[in-house]
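Asker: let's see this in three dimensions:
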Amino acid sequence: MGKYIRFSCFLSLFFIFACSTDKKTERVVVSQKDVSLASPFVLGAGDEINISVWRHDDLGKTVQIDPSGNISLPLAGEMRAADLTVSQLGEQVRLRLSKYIVDPQVNISVSDIQSQKIYVLGEVQSPGSFSLDGKMPVWEAIARAEGFTEDANQESVLLVRNENGFAKITALNLDIRDMLKHGGIKPDSSLRNNDLIYVPPSAIADFERFMVRLYNILSPILSLERGIVMGNDIYRILTGKITRGTVVY
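Answerer: Sure thing, here's the model as predicted:
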């Protein structure tokens, strides 16, 4: 899908650019659908869940998924909960209890989410990691980090998403004037688990140094295996050739 070039020998280990002059290919790299499609909620280590069984109050329990991804329940015993949806876990519990109870009716709800996180870094007042509670738009994540600093480039906020071992970068235009011009925040602009928002400074003096610093930030958080992929427009934004992201949020 498009041609790829490495922009220098030093950075060739880290970064790959989708620099085709084919406009259709470039749009695929930074498409709205690609960056905003929400994934179904999957349980993970640290999440707290409430389990109840109809007419069997003694089997009800509030448990936290342990670091290995397991929980322990009366009669059902120890079982895997991480990497399952709530309905999948409920079915697993039901099957185990059916050995002891006729047609058990199991209800599971999530009381605390600790496994789903997003990161907001760069030119924000309080950078860090934040719990991802349901559908969270980019603007809410920025607000949790207490907003932009004076040096923030609000027109080219980087959304970084791990896809098949690559960190895929999209530039989002969060300037309030452009948002109002294009109809405001889009309803499907939800973040995904482990998404990283990086707010760059309004001026970048040394592009290669900036990219090395960005890679050093992303690598331990996103567990990158294959490098960073970004559209040609991202390169032009970060080198000052254009000033605004192509996706208006």
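
Asker: dig out what the residue nearest to Val157 when sequence neighbours are not counted forms beta bridges with.
Answerer: Using CB to CB, 6 or more residues apart in numbering and skipping residues adjacent in sequence, the residue nearest Val157 is Leu172, 4.7 Å away. (C-beta placed from N, C-alpha, C; glycine too.) For Leu172, the beta-bridge partners under DSSP bridges are Val157, Val247.

Asker: burial of Leu172, as a residue count?
Answerer: If you count neighbours by other CB atoms under 10 Å, Leu172 ends up with 24.

Asker: next one: it relative to Asn107, how far apart?
Answerer: 39 Å (CB to CB, to the nearest Å).

Asker: neighbours around the residue lying closest to Met136 once chain neighbours are set aside, how many?
Answerer: The shortest distance from Met136 to any non-neighbouring residue, by CB to CB, 6+ apart, is to Leu191 (5.0 Å). Neighbour count for Leu191, taken as other CB under 10 Å: 25.

Asker: kindly state the pLDDT recorded for Thr149?
Answerer: We have a pLDDT of 95 for Thr149.

Asker: oh sorry, the question was meant for Gly122
Answerer: So, for Gly122, pLDDT stands at 93.

Asker: just the one 5 residues further on next, same as before
Answerer: At Pro127 the predicted local confidence, pLDDT, stands at 94.

Asker: roughly how far apart are the nearest residue to Arg244 once chain neighbours are set aside and Ile237?
Answerer: The spatial neighbour of Arg244 that comes closest, neighbours along the chain excluded (CB to CB, 6+ apart), is Glu155 at 4.4 Å. According to CB to CB, Glu155 stands 9 Å off from Ile237.

Asker: equivalent analysis for Ile101, please.
Answerer: Distance of Ile101 to Ile237, given as CB to CB: 60 Å.

Asker: quick one: which of these two has more around it?
Answerer: Comparing Ile101 with Ile237 by other CB under 10 Å, the one with more neighbours is Ile237, at 24 against 17.

Asker: just checking, the more buried one touches Arg244?
Answerer: Yes: with contact taken as CB atoms under 8 Å, Ile237 and Arg244 are classed as touching, separated by 7.5 Å.
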